[in-house]
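A.B. asks: With the sequence up front, the predicted model follows.
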Amino acid sequence: ATFNTLQKALDVKSRVELQDLVVQFGCAPIRPSVVRVLQQYKERFIARLPPGDKGSADFGRPVFLAVAFHLVTRKNKIKVEPRTLQQQMGISAADFNNISASMYELCFDTLGVEKTKKKAAGRKTHTAVLDNHRCHADDEDSEEEGGDVGADPDMPLLSKRAKRQADYDDWKKV
């Protein structure tokens, strides 16, 4: 931390390239993804700017490379500590977090991870299976009893159960 502070005070900038990062962290296969995310972010960020500010956008700062690298590694489930990356690149945590939020928002289609699991299309839920079973059980009961249980669909479930229990108690007495 003091080394980075001293570098900033002396205005010394150590230039770390993408190739250095992928070699250091051992994740060379993600190099094209990082380049693609940086390009997408630049295009989308510039498209959001007012026409007068489009020429003044500076993407040469190392924070953009660090954030793109971090987000792609996270997407690919490669463990890279953000603090280590920030220290190596000489960037502040606040700057890293701000650019990270912006890049994640603009490039969500590339970097985003679906938070909820999608249900299989033909898969029935637990309640659907139970409802189906109850429906078949009611049909079988109505066939055995002459069809009077399922005859009135407006009858509340509790009264159906009460009638069924009463029928059972009568049967048990016999």
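C.D. replies: Done, it's in. Numbering: from 1, shown residues only.

A.B. asks: How about the contacts made by residue 62?
C.D. replies: Applying C-beta atoms under 8 Å, 6 or more residues apart in numbering to residue 62 gives the contacts 13, 15-16, 89-91. To be clear about C-beta, it is placed using only N, CA and C from the backbone, and glycine gets the same treatment.

A.B. asks: Pull the most distant pair out of those residues.
C.D. replies: 15 and 91 (12.7 Å; C-beta to C-beta).

A.B. asks: For these two, work out which one has more neighbours and name it.
C.D. replies: residue 91 (21 against 9; other C-beta atoms under 10 Å).

A.B. asks: what about the more buried one, which SS state?
C.D. replies: The three-state label given to residue 91 by DSSP: H, G, I helix; E, B strand; the rest coil is coil.

A.B. asks: ok, it touching residue 65?
C.D. replies: No: judged on C-beta atoms under 8 Å, residue 91 makes no contact with residue 65 at a distance of 9.6 Å.

A.B. asks: What is the least confident helix or strand in this structure?
C.D. replies: For the chain, using mean pLDDT, DSSP states H and E, the weakest element among its helices and strands is helix 126-144, scoring a mean of 56.

A.B. asks: Export only the CA atoms of the helix or strand following that one, formatted as CSV.
C.D. replies: Sequence-wise, the next helix or strand downstream of helix 126-144 (DSSP states H and E) is helix 157-173. The C-alpha coordinates for helix 157-173 follow below in CSV (Å, rounded to 0.1, in the frame of the first residue of the first chain):
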residue,chain,number,x,y,z
LEU,A,157,-62.3,-28.7,0.4
LEU,A,158,-63.0,-28.8,4.1
SER,A,159,-66.6,-29.8,3.7
LYS,A,160,-65.5,-32.5,1.3
ARG,A,161,-63.0,-33.8,3.8
ALA,A,162,-65.7,-33.6,6.6
LYS,A,163,-68.1,-35.5,4.4
ARG,A,164,-65.4,-38.1,3.6
GLN,A,165,-64.6,-38.5,7.3
ALA,A,166,-68.3,-38.9,8.1
ASP,A,167,-68.7,-41.5,5.4
TYR,A,168,-65.7,-43.3,6.8
ASP,A,169,-67.0,-43.2,10.4
ASP,A,170,-70.4,-44.6,9.2
TRP,A,171,-68.6,-47.4,7.4
LYS,A,172,-66.5,-48.2,10.4
LYS,A,173,-69.6,-48.6,12.6
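
A.B. asks: Fine by me, we can end here.
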